[in-house]
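**Q** Dropping the sequence and predicted coords here.
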Amino acid sequence: MNKYILTLATSAAAVQLAACTTMPTSGPLPDLVVGSLSPSISAGAPGQAFNIAGSLDNIGTATIDRVPGMATTSANFYLHDTDGTRISGADGAWVDFGGVGFGDPFTPGSSFPFSMPRTVPSGVAPGPYQICAFIDSGEQILESDETNNETCAPFSILDASALADIVMVELSATPSRVRRGETFELASAYSNEGAQDVPAPPGPENFVSTSADITLKTLDGESVPRADGEFGGYVAGWGRTEDLRVGQTHRNRETVSAPTDIPPGEYLLCADVDLANNVPESDETNNRLCTPFTLLP
């Protein structure tokens, strides 16, 4: 089974083809299907990050050749009601999750895996929906079966006002100027200022960085906080196993070691609770605090 690299687009319109692929009207024909479709979460709050993964397959008997300078085929992703009706947002436009396009010949038996980071849309009423993927939605490619180009997966949008809201409320380092590898006291606290309890919430991820703009990146098979272009700076953190109830605060003081894998300099010491956005929240923007921190030579 062949596998290829994807080209991701930020909107459905960006992957529309301007030319049709010429295929015979008889004999061997391709058959394009969405082989799998898997949102990383089955329900999320507006603004919550998640991932859409799956594969697009050619289960037919003919190859779809490349259109010069264009993708041979594409798939687009939309939000649908449970009855199959495509959903429009507050601006009247369809709620779409972008698309994927391919520039290689799509041979029989080939499978194109895809994985797209996306965000739960705003401006849509809470409730049960579907995320649907369409391959060759413009019917530009003649296939042996034109009825199997769509696959949907259940997905619910949650009411943000009824969700938890985990907020980092305290962060300090004592002392705030240390040499690499030296210990210091890290004090931090986070509260639940929302409307729903959080069972066994994740503890803060702590890191020393030149930037407060941190995302989770994979390093040696583990997800760790990293700024773009930076490697290192992770500081061991803490976690609690008990629930974080509405109005409750979890506090901690611990002795930790300053990182040794980044050079001396002026940095930020940051703590982010629920960095992976695993907990649906009414506000996903208040999970992080940073404070000035210096690594001495």
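**A** On my side now, so go ahead. Residues are numbered from 1 along each chain as shown.
**Q** Please tell me how far residue 156 sits from residue 281.
**A** 15 Å (Cβ to Cβ, to the nearest Å). For glycine as for every other residue, the C-beta is placed from the backbone atoms N, C-alpha and C.
**Q** And residue 55, by the same measure?
**A** As it turns out, when the distance is counted by Cβ to Cβ, residue 55 lies 31 Å from residue 281.
**Q** If you count surrounding residues, which of residue 156 and residue 281 has more?
**A** The residue with the greater number of neighbours, taking residue 156 and residue 281 and applying other Cβ atoms under 10 Å, is residue 281; the counts read 26 against 15.
**Q** Now do that one against residue 105, distance only.
**A** According to Cβ to Cβ, residue 281 stands 44 Å off from residue 105.
**Q** Same question for residue 27.
**A** Noted for residue 27: a distance of 17 Å to residue 105, by Cβ to Cβ.
**Q** Mean pLDDT per helix and strand in the protein: which one sits at the bottom?
**A** For the chain, counting by mean pLDDT, DSSP states H and E, strand 7-9 ranks last in confidence among helices and strands (a mean of 41).
**Q** which stretches of this structure have low pLDDT?
**A** The chain contains residues with pLDDT under 70 at 1-26, 66-73, 102-104, 214-232, 237-240.
**Q** now stretch 163-172: how far from the chain's centre is it?
**A** Between the centre of stretch 163-172 and the centre of its host chain there is 21 Å, according to Cα atoms, centre = their mean, to the nearest Å.
**Q** What residues sit buried inside it?
**A** Within stretch 163-172, the residues that count as buried by 16 or more other Cβ atoms under 10 Å are 163-169, 171-172.
**Q** do the same with stretch 139-153
**A** Neighbour count says stretch 139-153 has 140-143, 149-153 buried, by 16+ other Cβ under 10 Å.
**Q** just stretch 105-119 next, same as before
**A** Taking 16+ other Cβ under 10 Å as the neighbour-count basis, stretch 105-119 is seen to contain the buried residues 106-108, 110-114, 116, 118.
**Q** any idea which of the buried residues of stretch 139-153 is closest to residue 179?
**A** Residue 179 has its nearest neighbour among the buried residues of stretch 139-153 in residue 153, at 51.1 Å by Cβ to Cβ.
**Q** I appreciate the help and will end here.
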